[in-house]
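Asker: With the input below, show me the fold.
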Amino acid sequence: MKVYGASSDNAEGAQGSIDEGITFPIGYGMDVDDAQTLGAWTGARQGMTILQPTEFVLNPAGEVMASLYATTQLGRMSPEAILQFVKARK
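Answerer: Numbers count the residues shown, from 1 in each chain. Below you'll find the model as predicted:
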């Protein structure tokens, strides 16, 4: 299983997440166009456009097996739930 992340943070912000212990590759600099490509929602916070959490589980063929679109960080997929989901489909 491979895990990748992407963030709207700049390189410094993404590095901060890595420094906190994230061990998988993180892309950075996602913008509104990227959000639209993924079908993610955008919102406004403190006068800025933000990208809302969007998560996918893909199978080896690149097909979406599960997805989550949110308007808050609450309710995100937990690593344990994702692992259970993936193991149940092998």
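Asker: Pick out the residue nearest the middle of this structure.
Answerer: For the chain, Glu55 is the residue whose C-alpha lies nearest the centre (CA atoms, centre = their mean; 4.5 Å).
Asker: Can you pull the phi/psi pair for it?
Answerer: phi -130, psi 150 (degrees, to the nearest 10).
Asker: got a list of contacts for the helix or strand containing Thr37?
Answerer: In the assignment (DSSP states H and E), Thr37 maps to helix 32-38. Helix 32-38 is contacted from outside by Ala6, Ala40, Trp41, Thr42, Thr49, Leu51, Gln52, Thr54, using CB atoms under 8 Å, 6 or more residues apart in numbering. Where C-beta positions appear, they are placed from N, C-alpha and C, glycine not excepted.
Asker: Select, from those, the two members most distant in space.
Answerer: Taking CB to CB as the measure, the contacts of helix 32-38 span a maximum distance of 16.3 Å, between Ala6 and Thr49.
Asker: Which of the two has more residues huddled nearby?
Answerer: More crowded of Ala6 and Thr49, by other CB atoms under 10 Å: Ala6, with 16 against 12.
Asker: excluding its backbone neighbours, what's nearest the more buried one?
Answerer: Gly27 (4.1 Å; CB to CB, 6 or more residues apart in numbering).
Asker: low-scoring stretches of the chain, by residue?
Answerer: 73, 75 (pLDDT under 70).
Asker: what's the burial count for Gln15?
Answerer: Neighbour count of Gln15, defined by other CB under 10 Å: 13.
Asker: now for the helix or strand harbouring it, which elements pack on it?
Answerer: If you go by DSSP H and E, Gln15 is part of helix 11-19. The contact analysis (3 or more CB pairs under 8 Å, 6 or more residues apart in numbering; DSSP states H and E) places helix 11-19 against strand 26-27.
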